[in-house]
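K.L.:
Need a 3D model of the following:
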Amino acid sequence: MGRPVASYLGPKATRAGSKARAGSAHSHPGHEPAWLDSTPPINKKVPPIIPLLLFQSQCSLHFPPRSPGPNRHFLLGDHGRGVRRRAIQRLPPRADPPWMAGRASSVERVKERSTGLDKFVLREARGSSAEVYLYGGQVTSWKNNSGEQQLFLSKKASFKPPKAIRGGIQICFPQLGNHGVLEQHGFARNRLWSVDESPPLPDTTSDCHIDLILKQSEEDMKTWPHSYELRLQVALSPRGDLILTSRIKNKNADGKPFQFTFAFHTYFSVSDISEVRVEGLDTLDYHDNLQSKIRCTEQGDAVVFESEVDRIYLSAPPKIVTIDHEKKRTFVLRKKELPDVVVWNPWDRKAKAMPDFGAEEYKCMLCVGAARIEKPITLRPGEEWQGRQEISPVPSSYSSGLLDPEMIQQMQRI
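P.N.:
The predicted model follows:
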């Protein structure tokens, strides 16, 4: 008999009066992949390696939260013989599949007929894609290799300046929300950007990216009298990750420094907000914008949603995980030089009050984005600041600290 292999399906969001679901292990003789054991499979007719997602529906994989050394381990069922460990080395990169022959990444500039606005369509050779508007420098679409939409865009979103586009990833500069004297979320999200003709060297090896730039206008100078350059690079990695890198430079000729805050206001598409949890924010302090920005401390092991949430979590770790149980999908957000995290869902009452937001759309969206709010950035003339947000979509068996998403995706390609 083959040993049962146990699958970790990720923790179920729990609330008062409800119980978390638990997975179960089942025995499947002869179906143990060769890379789980040094002994050959008992049934020679069964392929030695089975794609992870095919056998996950029948068996269970448990990834312990910590394991010594660079290897990852699986815990195997004991059947009275004690728990056994098998180390799994990081899998080497595999060659591209035959269907990719002759395909190449592309970046195309098009004019959207319905809005009259210019946008760039990024298509990565392996199937992922993104759309970036010059208006607002805003990403409005990001699809995975299977063509599934990952970002939320309201059906009532306005594409008529100066109104900001409701959804996607908004660039909030030089302030977020009303944390300052300027308009809500600053002015970068409702200005017309340009293509950056002399961009800095990219931080990614991706050949599928677009570089944009925003400079001060006469209108900006009336409310924020500073000369600046705001550069944005949007890139798709070969495995479908969405990477945004911003650079802000002080170009003042009068020698004056300026101060600003910044955020990637990211709208994720989710199946049901009540089935979503955000991990990595436990025990952190946050400003609650629903209670006059008072400072609170997160008491739960994860953030779950039963009513309106509008918070800024302070000094968050570099990796935050958003788990969508219904879609069996997880977003891993990594950030640099952006210590804070914005979490927002308007819930029903506020959703009905917003003209560019559907009354029921709060159920299928959640904002989780990297930000720099608590400690504003100060730049002297000639100085430059750089911030980065990278989002990786991974199977729902992943949760914070358990398994590197690259390994999961490599196992999927076996």
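
K.L.:
Go through the longest strand along the chain and flag the buried ones.
P.N.:
As assigned by DSSP state E, the longest strand anywhere in the chain is strand 365-379. In terms of neighbour count (16 or more other C-beta atoms under 10 Å), strand 365-379 has its buried residues at 365-374, 377, 379. Backbone N, C-alpha and C define where each C-beta goes, glycine included.

K.L.:
Which other helices and strands does it contact?
P.N.:
strand 242-250, strand 258-269, strand 276-279, strand 309-313, strand 319-324, strand 329-336, strand 340-345, strand 384-395 (3 or more C-beta pairs under 8 Å, 6 or more residues apart in numbering; DSSP states H and E).

K.L.:
partner strands of it, parallel or antiparallel?
P.N.:
strand 258-269 (antiparallel), strand 340-345 (antiparallel) (DSSP bridges).

K.L.:
Send over that strand as CSV, restricted to the C-alpha atoms.
P.N.:
Only the C-alpha atoms of strand 365-379 are listed here, as CSV (Å, rounded to 0.1, in the frame of the first residue of the first chain):
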residue,chain,number,x,y,z
MET,A,365,-13.2,43.5,-4.4
LEU,A,366,-10.6,44.2,-1.8
CYS,A,367,-7.9,46.8,-1.6
VAL,A,368,-4.5,45.7,-0.2
GLY,A,369,-1.6,47.9,-1.3
ALA,A,370,1.9,48.9,-0.3
ALA,A,371,2.3,52.4,1.0
ARG,A,372,4.5,55.0,2.8
ILE,A,373,2.2,57.0,5.0
GLU,A,374,3.3,57.1,8.7
LYS,A,375,6.8,58.5,8.0
PRO,A,376,6.6,60.8,4.9
ILE,A,377,9.6,60.9,2.6
THR,A,378,11.7,64.1,2.4
LEU,A,379,13.9,64.7,-0.7
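
K.L.:
Also compute the angle for it relative to strand 309-313, please.
P.N.:
For strand 365-379 against strand 309-313, the angle by axes from the mean of the first three to the mean of the last three C-alpha atoms, to 10 degrees is 40 degrees.

K.L.:
tell me the mean pLDDT for strand 365-379?
P.N.:
On average, the pLDDT along strand 365-379 is 97.

K.L.:
Equivalent analysis for stretch 178-186, please.
P.N.:
Stretch 178-186 comes out at a mean pLDDT of 76.

K.L.:
With stretch 260-269 instead?
P.N.:
Mean predicted confidence for stretch 260-269 is 97.

K.L.:
show me the contacts for Val309.
P.N.:
Neighbour list for Val309: 290, 303, 343-345, 347 [criterion: C-beta atoms under 8 Å, 6 or more residues apart in numbering].

K.L.:
filter those residues to the buried ones?
P.N.:
The neighbour count (16+ other C-beta under 10 Å) marks 303, 343-345, 347 as buried among the contacts of Val309.

K.L.:
circling back to that earlier point, check the buried residues of strand 365-379 and tell me the two furthest apart.
P.N.:
For the buried residues of strand 365-379, with distances taken as C-beta to C-beta, the pair at the greatest spread is Met365 and Leu379 (33.2 Å).

K.L.:
Show the contacting residues for Leu192.
P.N.:
By C-beta under 8 Å, 6+ apart, the residues touching Leu192 are 134-135, 161.

K.L.:
before we move on, what SS does Asp348 have?
P.N.:
Secondary structure, DSSP: H, G, I helix; E, B strand; the rest coil: Asp348 is helix.

K.L.:
tally of neighbours for Asp211?
P.N.:
For Asp211, the neighbour count with other C-beta atoms under 10 Å is 17.

K.L.:
about what we covered before: which of the buried ones among the contacts of Val309 lies closest to Gln386?
P.N.:
Comparing the buried ones among the contacts of Val309 against Gln386 with C-beta to C-beta places Val343 closest, at 23.7 Å.

K.L.:
contacting residues for the closest residue to the closest one other than its chain neighbours?
P.N.:
Nearest non-adjacent residue to Val343, counting by C-beta to C-beta, 6 or more residues apart in numbering: Arg311, 5.0 Å away. Contact analysis of Arg311 by C-beta under 8 Å, 6+ apart lists 286-289, 342-344.

K.L.:
rerun that using 7 Å as the cut-off
P.N.:
Contacts here follow C-beta atoms under 7 Å, 6 or more residues apart in numbering; on that basis Arg311 touches 286-289, 343.

K.L.:
Give me the buried subset of those.
P.N.:
For the contacts of Arg311, a burial check counting by 16+ other C-beta under 10 Å picks out 286-287, 289, 343.

K.L.:
ok, so of these, who is nearest Val234?
P.N.:
Of all the buried ones among the contacts of Arg311, Val234 sits closest to Val343, with 22.6 Å by C-beta to C-beta.

K.L.:
What does the pLDDT read for the closest one?
P.N.:
For Val343, the pLDDT comes out at 98.

K.L.:
mind listing what it touches?
P.N.:
Val343 is in contact with 278, 303, 309, 311, 313, 367-368, counting by C-beta under 7 Å, 6+ apart.

K.L.:
how near is Ser194 to Lys327?
P.N.:
Counting by C-beta to C-beta, to the nearest Å, the separation of Ser194 from Lys327 is 36 Å.

K.L.:
Comparing these two, which residue is more hemmed in?
P.N.:
Lys327 (16 against 11).

K.L.:
Which residue, other than its chain neighbours, is closest to that one?
P.N.:
That would be Ser271: by C-beta to C-beta, 6+ apart, it lies 4.4 Å from Lys327.

K.L.:
tell me the SS of the one you found?
P.N.:
Here Ser271 is coil, with the state taken from three-state DSSP.

K.L.:
distance of it from Asp324?
P.N.:
Distance check for Ser271 against Asp324: by C-beta to C-beta, it reads 6 Å.

K.L.:
Tell me which of these two has more neighbours.
P.N.:
Asp324 (22 against 15).

K.L.:
partners of the more buried one in the sheet?
P.N.:
According to DSSP bridges, beta-bridge pairing links Asp324 with Val276, Arg329.

K.L.:
So for it, what's the pLDDT?
P.N.:
Model confidence at Asp324, given as pLDDT, is 95.

K.L.:
Kind regards, and thank you for your time.
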